[in-house]
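Asker: Based on what follows, work out the 3D shape:
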Amino acid sequence: MFIRAYLRASTDEQDANRAKDQLRAFAVERGLSVAAWYVENESGAKLARPELFRLLGDAQPADVLLVEQVDRLSRLTSADWEKLKAELTARRVRVVALDLPTSWMMATSNADEFTGRMFEAINGMLLDMLAAVARKDYDDRRRRQAQGQAKAMAEGRYKGRPEDTERNAGIASMLTAGQSWSFIQDMTGCSRATVAKIAKRIAAPAAP
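Answerer: Numbering: from 1, shown residues only. Reported below is the predicted structural model:
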């Protein structure tokens, strides 16, 4: 059994590694260690997440997928959550979330068969509930955001999210100097998609 920790943040501006120490401490308290870390900046409402599916591809039966909160794993629609659960079940991966105490015993394998099956059933039910709550929170925030933007547009105040021009200028300078994309990501904390966007901007011919 391996502990595979999954860390996710929704945007480049958020630190996906924020909970790393907390997850490591959880494992150490149980005499375990995290065998691999999978970190990405992707929306939890999106099923196609490269690092999540790399984790699932690496996992062996009985491995643990460790997350800080269930919403780090899923803000998915009901249909997509069922698809992800099917993947987890097929690969026999056990989900352990710090905000779901009933899942904690899944990180150890010393329970008898009856107790293990009972906790697995309870844990599955609560996972479904927390995944539904996470999706509702996502939908509520999107609705409030859309309402706020609509009001601001009606009042002539909405200008969209401002670009981080200072950071992007630094990325452009490093690209021009021939620095690797991985180096730039390490230095700036941005995503590969952001580096790609700036690289494309640099490569585009200037308007006449």
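
Asker: Could you tell me which helix of this structure is the longest one?
Answerer: Across the chain, the longest stretch assigned as helix under DSSP state H is helix 113-154.

Asker: which helices and strands sit right next to that one?
Answerer: Where contact means 3 or more Cβ pairs under 8 Å, 6 or more residues apart in numbering; DSSP states H and E, helix 113-154 is packed against helix 70-73, helix 78-90, strand 94-97. (Glycine included, C-beta is placed from N, CA and C.)

Asker: Try it again at 6 Å.
Answerer: helix 70-73 (3 or more Cβ pairs under 6 Å, 6 or more residues apart in numbering; DSSP states H and E).

Asker: List the buried residues for the helix it packs on?
Answerer: 70, 71, 72, 73 (16 or more other Cβ atoms under 10 Å).

Asker: swap in stretch 198-207?
Answerer: Across stretch 198-207, burial judged by 16+ other Cβ under 10 Å covers 198, 199.

Asker: Likewise for stretch 55-67?
Answerer: Applying 16+ other Cβ under 10 Å to stretch 55-67 flags 55, 56, 59, 63, 64, 65, 66, 67 as buried.

Asker: nearest to residue 10, of the residues you listed?
Answerer: residue 67 (14.3 Å; Cβ to Cβ).

Asker: quick one, phi psi at that closest one?
Answerer: In this entry, residue 67 is assigned phi and psi values of phi -130, psi 160 (degrees, to the nearest 10).

Asker: Give me the below-cutoff pLDDT ranges for this structure.
Answerer: Residues of the chain meeting the criterion pLDDT under 70: 109-112, 115-116, 158-161, 205-208.

Asker: domain assignment for it?
Answerer: Listed domain ranges for the chain are 3-136, 165-203 (source: automatic domain parsing).

Asker: Point out the most buried one among these.
Answerer: domain 3-136 (a mean of 16; mean count of other Cβ atoms under 10 Å).

Asker: Pull up the distance across that one, start to finish.
Answerer: 29 Å (Cα to Cα, to the nearest Å).
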